[in-house]
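Student: Give me a 3D structure for the following:
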Amino acid sequence: TVLALECAYRGVLAGEPAVFVSFEERAEAVRANAATLGWDLAVHEEAGRLSLVYAEPPVRAVRTGDFDIQGLLAVLGAQVEAVGARRIVLDAVDQLMRAFRDPERERDELHVLHEWLLERGLTALLTLKSQPNGDVVYPFLGFLADCAIHLDQRIQAQLRTRRLQVVKYRGSGF
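Tutor: Numbering: from 1, shown residues only. You can find the predicted model right below:
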């Protein structure tokens, strides 16, 4: 979350407006956490360069009939247009996909999301949690993405090590 938020924030500072969508944390919490790093998100929101969207997935909703992410994409499209966003962060996409409860449907909806992002030419950062054993929840996303970064931390002999691994960076000799 912090790495994705920093990418959005630095983009805003560089003149690339952004939309930050959280499926776990309310916008107030995102602002408060950013403030601890010295980032005043509200200033950029007020100036129309940044939009924070809290999009809680409907995990407790009663399911009657079929639903998809088209409604969410319409809302996000309006936010992207409103700020002229060039970047978008979708934080905790795994939380959004839980609403479908069907791996095949999750995959289909992620393909819809991928196409939506491509059509708009947005630089997108999607965050997902990995399984406790380190496995990726949606391994096929690595084939769709131009870049994949894996963050983890390990504790060995009471020493915590945080790691950032660039797994894939299409078009680069990283």
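
Student: so where do the strands sit in this structure?
Tutor: Ranges of strands within the chain are 18-22, 50-54, 87-91, 123-126, 147-156, 159-169, based on DSSP state E.

Student: Adding mean pLDDT, write the ones you listed out as a markdown table.
Tutor: Rendered in a markdown table, the data for these read as follows (pLDDT from 0 to 100):
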| stretch | mean pLDDT |
| --- | --- |
| strand 18-22 | 97 |
| strand 50-54 | 97 |
| strand 87-91 | 96 |
| strand 123-126 | 94 |
| strand 147-156 | 87 |
| strand 159-169 | 89 |
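
Student: Those strands into a markdown table, with extra columns for mean neighbour count?
Tutor: Using the backbone N, CA and C atoms, a C-beta is placed for each residue, glycine as well. Listed next are these as a markdown table, based on neighbours: other Cβ atoms under 10 Å:
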| stretch | mean neighbour count |
| --- | --- |
| strand 18-22 | 26 |
| strand 50-54 | 21 |
| strand 87-91 | 24 |
| strand 123-126 | 20 |
| strand 147-156 | 12 |
| strand 159-169 | 10 |
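
Student: Tell me which residue is most central in this protein.
Tutor: For the chain, the residue nearest the mean C-alpha position is residue 90 (2.1 Å; Cα atoms, centre = their mean).

Student: partners of that one in the sheet?
Tutor: residue 21, residue 126 (DSSP bridges).

Student: now the strands of the chain in a markdown table, with distance to residue 78?
Tutor: Listed next are the strands of the chain as a markdown table, based on distance: least, Cβ to Cβ, whole Å:
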| stretch | distance to residue 78 |
| --- | --- |
| strand 18-22 | 10 |
| strand 50-54 | 9 |
| strand 87-91 | 13 |
| strand 123-126 | 17 |
| strand 147-156 | 27 |
| strand 159-169 | 31 |
